[in-house]
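Peer 1: Below is the sequence, then the predicted model.
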Amino acid sequence: MKIGNAVLEEEPYCHVLLQEHRSTLCDRCFTSGDSLKKCTGCGEVWYCDKACQKRDWAVHKLECKCLKQVSPKIPMDSVRLMLRLIITKSKDLPMNSPWSRKFDDLMTHSEEIRADKTRTEQFGKMVFTLTEYAGKAVSLPSAAELYDTFCRMVINSFTISDGELKDLGTGIYLSGSMLDHSCKPNAVATFHGCTLVVRATEDIPDPSPNKVFISYVEQLSPVTERQKALKEQYYFDCKCERCVDDEYNETMTSFCCPVQNCDGLVCLTEGNTFKPCRKCGTKDFSPELKKGALAVLDDCKTQLDIIDKEKKSGSSKKVFEKCKKLIQETTNILHPMNVYSVRLLDKAFDVAIEEEHWEKAIKYGQKTLQAYSTYYPKYSPNYAIQLFKVGKLQLYVQYMEDAARNLEQAQSILTVTHGANHDINKNVTLFLNQCREEMRVKSNGS
């Protein structure tokens, strides 16, 4: 299997559009349109055309009655997905699985979930809500089968996203669920609408399912966060190349060298012991310096959580000022490769765009690119989208050469991860062509 080739293309066995996108995207194919029509039965589900409505009718016929009887209340997306799974299983619909996998083949981790207080409470609440939601329209299976379905759902769900990695919905992909995790994957999962497409990001001699790896978690995270997320969500410990690379993982939480004019980095061991600077070799760190550096790191982590909450409240101006202040406080203490410093710059980048501070946004965005290129794989949608966002801003303020360089790099990555015909790649190409044309005109004019 050559780099950029599709290892797998699969329609969802069952899926649901997030409530926040209802009426703006088709509930069946997740595409947008100006002529979406809502279901006249429940008034809650929208389709782009009769073909999508017909394709969804086998499941929505019963779901429609359930939505109608609880209206105006709208069940949570997870509850809707659970009911759609129950209906799909009861209808014995085609599996649409390229690798001949059935729903009952999915892993359950039922014993681990049974011992997980958070998950068992979630299941109890879901059953209570499902009973009301299903009403007389759908006969719920036995408690044992409900639990089994719940376990398979929470372990095997994919978050469906658009080309710019914004969450659109959740789906179950029978073949896709066969792919294992690696923090250094050789493939990437993307979506064309709600169709899952897994492409090789390096040559894979044997494209068997057990030889193809995707990442289940955010890769711009220290090993402790990645391991915690994998354990809590999927109940396994990752032992991949990245997770056992101490130097790589220590870089993610590194500090600036305190020696003047040295741009090296100083790393911590698990026991909070400072290692010598990788560049100048200094190891003379006072207790006060160590304590101060660790306090700045801890405060940055705390403030990042606060910023997330404040951003949800919509106060982007307040968040922007807080980001600027925190960046000043952490500069020269947290190394530019420290992931918490990168996350802070990322948040400042986004709110600077919202506040239309273009120059500031470009400055913050550019500072993230080295870490993105290091911590994400060479062919990563995350890195490509970051390059695209920075490149668009640079084009807008007429930094043509920088814009062209970033847009070209984004295009080369997306051609591998998404394919040349994906909408996001076409969008990047549109901006790149505009940039090249403006550069040509400017060159001829001068």
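Peer 2: Received, thanks. As the structure is a computational prediction, the values presented were derived from the model and not from experiment.
Peer 1: Go ahead and flag the most central residue of this protein.
Peer 2: Closest to where the C-alpha atoms of the chain average out (CA atoms, centre = their mean) is residue 165, at 5.9 Å.
Peer 1: do you know how far that one is from residue 159?
Peer 2: Distance check for residue 165 against residue 159: by CB to CB, to the nearest Å, it reads 10 Å. C-betas here are computed from N, CA, C, even on glycine.
Peer 1: With residue 263 instead?
Peer 2: 38 Å.
Peer 1: what's the answer for residue 427, then?
Peer 2: Relative to residue 159, and taking CB to CB, residue 427 is found at 21 Å.
Peer 1: got it, and residue 141?
Peer 2: Relative to residue 159, and taking CB to CB, residue 141 is found at 26 Å.
Peer 1: thinking again about what came up before, show the contacting residues for the residue nearest to the centre of the chain.
Peer 2: For residue 165, the contact set (CB atoms under 8 Å, 6 or more residues apart in numbering) comprises 381, 382, 385.
Peer 1: and those residues, which are buried?
Peer 2: Buried members of these, counted by 16 or more other CB atoms under 10 Å: 381, 382, 385.
Peer 1: about what we covered before: more neighbours, residue 427 and residue 159?
Peer 2: residue 427 (16 against 13; other CB atoms under 10 Å).
Peer 1: Just give the nearest non-adjacent residue to the more buried one, would you?
Peer 2: residue 163 (7.2 Å; CB to CB, 6 or more residues apart in numbering).
Peer 1: so that neighbour, which of the three states?
Peer 2: With DSSP: H, G, I helix; E, B strand; the rest coil as the basis, residue 163 sits in coil.
Peer 1: Let me see the ranges of the strands in the stretch 201-350 of the chain.
Peer 2: Under the criterion DSSP state E, counting those that start in this stretch, the stretch 201-350 of the chain carries strands at the ranges 213-214, 255-256, 265-266.
Peer 1: Turn those strands into a markdown table, including mean neighbour count.
Peer 2: Listed next are the strands of the stretch 201-350 of the chain as a markdown table, based on neighbours: other CB atoms under 10 Å:
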| stretch | mean neighbour count |
| --- | --- |
| strand 213-214 | 18 |
| strand 255-256 | 23 |
| strand 265-266 | 23 |
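Peer 1: which ones are touching residue 107?
Peer 2: Here residue 107 is in contact with 152, 155, 156, 177 (CB under 8 Å, 6+ apart).
Peer 1: Apply 10 Å and report the result again.
Peer 2: 151, 152, 155, 156, 177, 178, 234, 235 (CB atoms under 10 Å, 6 or more residues apart in numbering).
Peer 1: any idea whether it is helix, strand or coil?
Peer 2: Assignment for residue 107 (three-state DSSP): coil.
Peer 1: Could you measure from it over to residue 143?
Peer 2: On the measure of CB to CB, residue 107 and residue 143 end up 20 Å apart.
Peer 1: any low-confidence regions in the protein?
Peer 2: 446 (pLDDT under 70).
Peer 1: and the longest helix along it, what does it pack onto?
Peer 2: The longest helix of the chain (DSSP state H) is helix 287-312. Helix 287-312 makes packing contacts with strand 255-256, strand 265-266, helix 316-330, helix 339-354 when contacts are defined by 3 or more CB pairs under 10 Å, 6 or more residues apart in numbering; DSSP states H and E.
Peer 1: quick one: buried residues of it?
Peer 2: In helix 287-312, counting by 16+ other CB under 10 Å, buried: 290, 293, 296, 297, 300, 303, 304, 307, 310, 311.
Peer 1: Dump those residues into a markdown table; add distance to residue 187 as well.
Peer 2: Listed next are the buried residues of helix 287-312 as a markdown table, based on distance: CB to CB, whole Å:
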| residue | distance to residue 187 |
| --- | --- |
| 290 | 41 |
| 293 | 38 |
| 296 | 38 |
| 297 | 34 |
| 300 | 33 |
| 303 | 36 |
| 304 | 30 |
| 307 | 33 |
| 310 | 37 |
| 311 | 32 |
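Peer 1: Tell me the one among those nearest to residue 80.
Peer 2: Comparing those against residue 80 with CB to CB places residue 311 closest, at 26.7 Å.
Peer 1: Spatially, and excluding backbone neighbours, which residue is closest to residue 266.
Peer 2: residue 255 (4.6 Å).
Peer 1: Count the neighbours of the closest residue in space to residue 26 that isn't next to it in sequence for me.
Peer 2: Nearest residue to residue 26, sequence neighbours excluded (CB to CB, 6+ apart): residue 48, at 3.9 Å. Other residues near residue 48 come to 21 when the count uses other CB under 10 Å.
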